[in-house]
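Colleague: Give me coordinates for this.
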Amino acid sequence: MSEAAAPSAKGERQRSGDGGPSASADLALVQCPGWGRECPPYSLVCLAAFARRAGFSVRCFDLNNALYHAAPALRRMWEDKDFYTFWEDAGAVARLAEDNAALLDGFVDGILASGARVVGFSVHTTSFLMSLELARRVKRRDPSRVVVFGGPQCSRAQAAGPLAAEPAVDAVCVGEGEVVLVGLLEAVKSDGKAAPAPGLMLRAEGSVRDCGDAPLVADLDSLPLPDYSDFAEDMRARRYNSAGRLDIMDSRGCVRRCHFCSEWQFWREFRSMTGARMFREVSEQVRLYPQVERFYFIGSLLNGAPKELERFCDRVTESGLRIRWEGQAIVAPSLDERLLGKMAAAGCGWLGFGIESGSERLRRAMNKPFSDDDAFRALRAAARLGIRTQVNVMFGLPGETREDFAATLRFLVRCRPHIDSVLASQSFTVLDKHTALYEQPERFGIAGREHHLFWSADGGANDYAERFRRYEEFCALALELGLPETSGVLRVKPDKWFLLGEYHRHRREFSRAARCYGRSMRREPVRDAARQGFAACRAALRPQEGAAA
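Modeller: Next up is the predicted model:
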């Protein structure tokens, strides 16, 4: 293994409890870039714990964090959160892989040296390209290894089918992975290959076969506690961005079905841990890793089961456990000053609220029913109790008029004294497959639904360029009100002209696209991609210019 990759290999091989560093593993779990670096990847530690309980030996590889430390020249891709589009650019990722081939091959050395017959990748929209790159390298070196992809990008609404068609991928888990992964491990142990089973997509007889849905884990309390032992050394060495933080996923799914949201599709049904199980997880992790004092609830919402949330708060307060925690919440009658008071006393220090719009009419149309007064009361109560708050806002939801947008601006001014930050959606409104917006475009006045960003609505008045204008107007007001410039609220979006170039190119407006790409080449960090877009537009314009002549 290369010297640069050695620190990661040391941390990943020296774990106790399943045979020591010399034992051959059954399963290697891999997190590729780009992904957050706040703490060890939660999906890996949960899957590792479940597989180990079933009797399988596991090694975890956080190549995302390892690459950050091994290649200082690349750190901007992690430290600048507005650079996430880099990881979704196939050309940029291919060049990064080519420029760092020795480093990536060193990572592959470590995966193969684990002896794992099954190599599982946790895949997200920003990590699937690098995951494919690593999977191809693994397969080139040893075609007998069974590669499985899972995670949000592997849902049917995202890229399950195309990923299952990839020659380097033997199977794709289309939903939650614990039971499905153990079944696959048993099949490989028995027959040496992946077998069709509920919860998987895989190639069979020359085509991709969807094996249907696997049963859900009905009782989240039955899951083993996440096993961080592979990452203990890196945690002690403070090699993660938030050294005292771990994640917790107290629930799966959501109690609501907002018309624009696709996240609930992955989990299918809302389920929650009990307050006692939540408390057991956080208290045990603090006991094992004394440096941990903060937890982030990474489910869709932490107050989907308010009685269990209250029981968790009571257990923390009664025990005297000193922790801080935070997460996303929904505006609901149960989230009143009494419950917020218990949350604050138990260590809750921050809540993010999906407000999305200041227009009650528009929120109702999106199946998001709460009043502005309900939201304002929750924000004001949280602020009084010392809980910092953030509001999340979208732009150009189908049916959003100028008056609806003005209502959003007014709501921001009204709630400003009680909020600490804003997450302004940089993709404005995404049209995900199988959402109500996607499935019923006529109902919502949507045209061009096949492009998740460049669709239009309201007779063309609500297009990508207009959504961009509303986003910028909102950001200007937020900054004027003294809200911090964050990954959502920006004075200047760093890839603005590139994105507008992509939009006009999609509409075959090549002259306008070329002008946008030209500005991007002069001002923005995505120069290579902008240069390619510019060249494509010039090539498209030549026949038109010739015909005109």
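Colleague: first vs last residue of stretch 375-393, how far apart are they?
Modeller: End-to-end distance for stretch 375-393: 13 Å, by CA to CA, to the nearest Å.
Colleague: What average pLDDT does that stretch get?
Modeller: Averaged over stretch 375-393, pLDDT sits at 96.
Colleague: Can you give the distance of it from its chain's centre?
Modeller: Computed by CA atoms, centre = their mean, to the nearest Å, the chain-centroid distance of stretch 375-393 equals 24 Å.
Colleague: Mind listing residues that contact it?
Modeller: 329, 331, 335-337, 340-341, 343-344, 348-357, 408, 411-412, 414-415, 417-425, 474 (CB atoms under 8 Å, 6 or more residues apart in numbering). Backbone N, C-alpha and C define where each C-beta goes, glycine included.
Colleague: what's the answer for stretch 70-86, then?
Modeller: Counting by CB under 8 Å, 6+ apart, residues outside stretch 70-86 touching it are 4-5, 7-8, 33-34, 37, 67-68, 87, 92-93, 96, 100, 103, 126, 426, 487, 490, 493-495, 525-526.
Colleague: Quick one: buried ones out of the residues you listed?
Modeller: 4-5, 7-8, 33-34, 37, 67-68, 87, 92-93, 96, 100, 103, 126, 426, 490, 493-495, 525-526 (16 or more other CB atoms under 10 Å).
Colleague: So residue 115 is in contact with residue 24, correct?
Modeller: Yes: between residue 115 and residue 24 there is a contact at 3.1 Å, judged by CB atoms under 8 Å.
Colleague: out of the contacts of stretch 375-393, which are buried?
Modeller: 329, 331, 335, 340-341, 343-344, 348, 350-357, 408, 411-412, 415, 418-419, 421-425, 474.
Colleague: In which helix or strand does residue 233 reside?
Modeller: helix 232-236 (DSSP states H and E).
Colleague: now swap in residue 414 and tell me
Modeller: Per DSSP H and E: helix 402-415 holds residue 414.
Colleague: Output the helix or strand just after that helix as CSV, nothing but the C-alphas.
Modeller: Using DSSP H and E, the helix or strand that directly follows helix 402-415 along the chain is strand 421-424. Extracted in CSV, the C-alpha atoms of strand 421-424 (Å, rounded to 0.1, in the frame of the first residue of the first chain):
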residue,chain,number,x,y,z
SER,A,421,-29.4,30.4,10.0
VAL,A,422,-31.1,29.6,6.7
LEU,A,423,-30.6,26.7,4.4
ALA,A,424,-31.6,28.1,1.0
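Colleague: Can you give the strand pairings for strand 421-424, parallel or anti for each?
Modeller: strand 388-393 (parallel) (DSSP bridges).
Colleague: can you state the direction angle for the partner strand and helix 402-415?
Modeller: Here the directions of strand 388-393 and helix 402-415 differ by 180 degrees (axes from the mean of the first three to the mean of the last three CA atoms, to 10 degrees).
Colleague: Buried residues of strand 388-393, list them for me.
Modeller: Taking 16+ other CB under 10 Å as the criterion, strand 388-393 shows 389-393 as buried.
Colleague: What are the neighbouring residues in contact with residue 513?
Modeller: By CB under 8 Å, 6+ apart, the contact set of residue 513 is 500-505, 533, 537.
Colleague: which helices and strands sit right next to the helix holding residue 233?
Modeller: helix 6-13 (3 or more CB pairs under 8 Å, 6 or more residues apart in numbering; DSSP states H and E).
Colleague: What average pLDDT does the helix it packs on get?
Modeller: pLDDT averaged over helix 6-13 gives 35.
Colleague: Thanks a lot, see you next time.
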